[in-house]
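Student: Structure for this input, please:
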Amino acid sequence: AEDTEDELRRVREELAGSEEVAADAEECFSHVRERLAICEQSIAVSSEEAAALREQLADRENAVSSSAAQVRALQNEITDMQRELEMSEADAIAELCVAKSRHADA
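Tutor: Residues are numbered from 1 along each chain as shown. This next block holds a predicted model:
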């Protein structure tokens, strides 16, 4: 009977030790779950921020593209005006030559 009581006491001590280990493990898992929840929340916020940044980048790329198209259009207008100016200068020189020639003939 004494051996049985000793064995029972030993088993109870082991059980108490196991319950303590289990409680420590559960507390540890609880902390891990809390940290995991914080990480998941941070990831969600980061994903939202990344999406917003992607949207801003797309808007800026579109604005730059639009500005580049406007610059090209203005450059084409300037080129056309320069051609018109050169043609007007050539016409003016031709008219001046004709007028000089008439004046010399007169």
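
Student: for stretch 99-106, the distance to its chain's centre please.
Tutor: 72 Å (CA atoms, centre = their mean, to the nearest Å).

Student: same check, this time on stretch 84-92
Tutor: Taking the mean of its C-alpha atoms, stretch 84-92 sits 51 Å from the chain's own mean (CA atoms, centre = their mean).

Student: Low-confidence ranges, the chain, go.
Tutor: Applying pLDDT under 70 to the chain picks out residues 106.

Student: for it, what spans make up the helices?
Tutor: Secondary structure of the chain (DSSP state H): helices located at 2-105.

Student: what about residue 35, distance to residue 100?
Tutor: Applying CB to CB, to the nearest Å, the value for residue 35 to residue 100 is 94 Å. Every C-beta, even on glycine, is put in place using the N, C-alpha and C of the backbone.

Student: do residue 16 as well
Tutor: 123 Å.
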